[in-house]
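S.K.: whatever this is, show me its structure:
(chains A and B)
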Amino acid sequence: MLVVILRLLAWRVVLAVPTILAVSALVFVVLRLIPADPAAMSLPPGAGLADLELLRAEMGLDRPIPVQYVIWLGNLASGDFGNSIFFRRPVTDLITAALPNTLELVACGMFLGVLAGMIGGLAMFALRGGIAEQVIDLGSSAMMAIPEFLWALLLIITLGVAFPVLPFFGRLDPGMAAPGGPTGFLMLDALLNGQFRVLGSAARHMILPALALAIALAPLVMRVLRSSLLETAHEDYVTMARLRGLSERRILLRHALRNAVLPTVALIGVQAGFMFGGTVLVEVIFGYPGLGNLMVDAVRNSDLPVIQTVALVYCVLVLILNATVEIVYLTVNPRLRIT
Amino acid sequence: MSARAGLLHPRILIGGGIVATLALMAVFAPQLAPHDPNAQELMYTLLPPAWAPGGNLAHPLGTDSLGQDVLSRLIWGTRTALYVAVLAAGGAMLLGTTLALLAGYFGGWADWLVARAVDTWMSFPPVILALILLVGFGAGLNNVVFAIIIVDWTRFARVIRAEVIVVRRRDYIAAARLSGFSHMRTLVSEVLPATMPLIVTLLSLEMGIAVIVEATLSFVGLSVETDVPAWGVMIADARVYMNQSPWGVMVPTLAIFVTVLAFNLLGDGLRRALDPRLRVRGAA
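M.R.: Have a look, this model is predicted:
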């Protein structure tokens, strides 16, 4: 088992290299099409043409694009991600500050979304054939027509403004300091430092953005789980279990679900990649200091070094995620474990 | 159930009906809108809808922070949404289907190339790729269309390529080749029709996706020019005044919801009606 997983991991790493190279080249070339001049934008007003040429040379913008790309790759390999034109700080600092926040948000969103989706899928299966199933079915089709960022706004209007029960801006109550801990994950650090007031505030700030992501994911999980449960319902082992006199609940949870969960795992893997896309606007709307917010700020200011690095970070995240899903898939599905 | 009866499926009727209504709204926006969508009445800013207290019948859905009529902007916004939906989804369909047909039919290096491109595209959240493309091209509605085509062709390519690989092995394709059809003719008159149900379904779903992407990008301010009404821009403007007037956000959100739902229903209905496998099982 372990050998299979390790072999898979090694293969994924080998395959990741050309993908990352392709993505980085794509991003680099597209960004060089930019109609604005990043050097001109980063100059103070009143600077002359000579200053501009000097800065262009300093930023390497006067060289041919392939040369710029190779220089950039070389810098990346040595851990130098360049400096943000807009924030005037190393890109590495910006990303190490933002990345844990986004990961925390995606983890919470995934957890809530998968939980709600599984419960919904099981409920739909249990209620199959009835009017309640039709209602849930219709409701889930309707929910799928609303993208994450609109859920975010609807949640703010309802639970933030109309019935102000939850905060909807930032990560902590105003005046509260981040715990500054070993991991960089705010909630985890607060827990490790025993600062439960901070933890509570962070958790309350997390609910609405995580919910916005979860609501977009849940209907998909629910529908896939329902249809794979329906397929397993006709399998011989379910009939066998029924003949042996097991209760319906036990058949559902111990036999049908274990087999039906596979396509759901695959779906969650694909959707988790999309969820990183969903965080972009959700973070902007909730003023949540993650990668998405950083990306949109960078896009608005044509901050090329930040844009291209954040893009690569997203790519690496998706690749890691895909590999993780494959491993989970292997562990849940013994049929794939043939070495 | 025959295909003709399948096309009268309630999902197709409801989805298609809403899409047709939206299309009429888009075409006749100048006649339907009660006001100029950009006319500002600074005396009447942030009016609630007519039925709410303080509402004004002259502005049935209220006004925004600049005193512009929300209903008129909503109707004109239909134009922006459908313009992007039709052109972007159509373009993505053309590009994705062409590549899928070539890759699936010929196999070999063409297939390898398309499959690798799809893999690379899939290792990227679509929103991120769209943002990067718009930084490269510059903001603007036509660039949004272009970006959606470049981002979403893979949705067509992936699914249709798989279908073509199956269809290619069927006997009637071999028969067509044996009776002297060129590769081109086999592709266009034998393989393509077999994938048509799938293409039509994906096209409808993609139109819904295009509406969402356009709204997302205009929300960030990367899509339309300032004088063009778009639902995403309306939401972004109204968001600032959400505390005083939630309607400004609700109304365009509802418009996006109805539009996307209509395209999804239509696509779902078409899939059920056109997929012979589903029809046999009676699941339609």
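S.K.: contacts, neighbours, all on C-alpha from now
M.R.: OK.
S.K.: flag the shaky bits of the stretch 1-150 of chain B, pLDDT-wise.
M.R.: B:1-6 (pLDDT under 70).
S.K.: around chain A, pick out the residues from it.
M.R.: B:119-120, B:123-128, B:131-133, B:135-138 (CA under 8 Å from any CA of the partner chain).
S.K.: of those residues, just the buried ones, PyMOL syntax please.
M.R.: Of the residues of the stretch 1-150 of chain B next to chain A, the buried ones can be selected in PyMOL as follows, counting by 16 or more other CA atoms under 10 Å in any protein chain shown:
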select buried, chain B and resi 120+123+124+125+126+127+128+131+132+133+135+136+137+138
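S.K.: ok, then the element right after the helix ranked longest in chain B?
M.R.: In chain B, assigned by DSSP state H, the helix with the most residues is helix B:70-106. Counting by DSSP states H and E, the element after helix B:70-106 in chain order, helix or strand, is helix B:108-122.
S.K.: list the buried ones in that following helix?
M.R.: Residues of helix B:108-122 classed as buried: B:111, B:114, B:115, B:118, B:120, B:121, B:122 (neighbour count, 16+ other CA under 10 Å).
S.K.: give me the angle between it and helix B:70-106.
M.R.: 150 degrees (axes from the mean of the first three to the mean of the last three CA atoms, to 10 degrees).
S.K.: next one: residue B:211 from chain A, what distance?
M.R.: 10 Å (CA to the nearest CA, to the nearest Å).
S.K.: tell me the angle the helix or strand where that residue lies makes with helix B:70-106.
M.R.: Taking DSSP H and E as the definition, residue B:211 sits inside helix B:192-220. Angle, helix B:192-220 to helix B:70-106, by the same axes, to 10 degrees: 140 degrees.
S.K.: what sits against the closest residue to residue B:130 other than its chain neighbours?
M.R.: Closest residue to residue B:130 apart from its sequence neighbours, by CA to CA, 6 or more residues apart in numbering or on different chains: residue B:147 at 5.7 Å. Listed by CA atoms under 8 Å, 6 or more residues apart in numbering or on different chains, the contact set of residue B:147 reads B:130, B:133, B:134.
S.K.: residue B:147 sits in which helix or strand?
M.R.: Per DSSP H and E: helix B:141-168 holds residue B:147.
S.K.: I'd like the next helix or strand past that helix.
M.R.: Assigned by DSSP H and E, the successor of helix B:141-168 is helix B:171-178.
S.K.: if we go by neighbour counts, what in that following helix is buried?
M.R.: B:173, B:176.
S.K.: likewise for stretch B:12-23?
M.R.: Quick answer for stretch B:12-23 (16+ other CA under 10 Å): B:12, B:13, B:14, B:15, B:16, B:18, B:19, B:22, B:23.
S.K.: residue B:201 versus the second one, what's the distance?
M.R.: Looking back up the chat, that one is residue B:13. Using CA to CA, to the nearest Å, residue B:13 is found at 15 Å from residue B:201.
S.K.: same question for the fifth one.
M.R.: For residue B:16, the distance to residue B:201 under the criterion CA to CA works out to 12 Å.
S.K.: hey, what's in contact with both of these two?
M.R.: Counting by CA under 8 Å, 6+ apart, the residues touching both residue B:16 and residue B:201 are residue B:266.
S.K.: so of the residues of the stretch 1-150 of chain B next to chain A, which ones are in helices?
M.R.: Those of the residues of the stretch 1-150 of chain B next to chain A lying in helices (DSSP H): B:119, B:120, B:126, B:127, B:128, B:131, B:132, B:133, B:135, B:136, B:137.
S.K.: that older thread, and the contacts of residue B:147, which is closest to chain A?
M.R.: Of all the contacts of residue B:147, the one with the least separation from chain A (CA to the nearest CA) is residue B:133, at 6.3 Å.
S.K.: how about that closest one, what does it touch?
M.R.: Contacts of residue B:133 (CA under 8 Å, 6+ apart): A:30, A:31, B:147.
S.K.: list the contacts of residue 144.
M.R.: Since you didn't name a chain, this refers to chain A. So residue A:144 contacts A:216, A:219, A:220, B:261 (CA under 8 Å, 6+ apart).
S.K.: actually chain B
M.R.: B:84, B:130, B:134, B:214, B:217, B:223.
S.K.: quick one: the fourth one and residue B:232 touch, right?
M.R.: It stands for residue B:214. Yes: in this structure, residue B:214 is within contact of residue B:232 by CA atoms under 8 Å, at 7.3 Å.
S.K.: tell me the pLDDT at the residue of the stretch 101-250 of chain A found nearest chain B?
M.R.: Ranked by CA to the nearest CA, the top residue of the stretch 101-250 of chain A for proximity to chain B is residue A:145, at 5.0 Å. We note a pLDDT of 86 for residue A:145 in this prediction.
S.K.: how near is the closest residue to residue B:264 other than its chain neighbours to residue B:199?
M.R.: Among residues not flanking residue B:264 along the chain, residue B:205 sits closest, at 5.4 Å (CA to CA, 6+ apart). When CA to CA is the yardstick, residue B:205 and residue B:199 sit 10 Å from each other.
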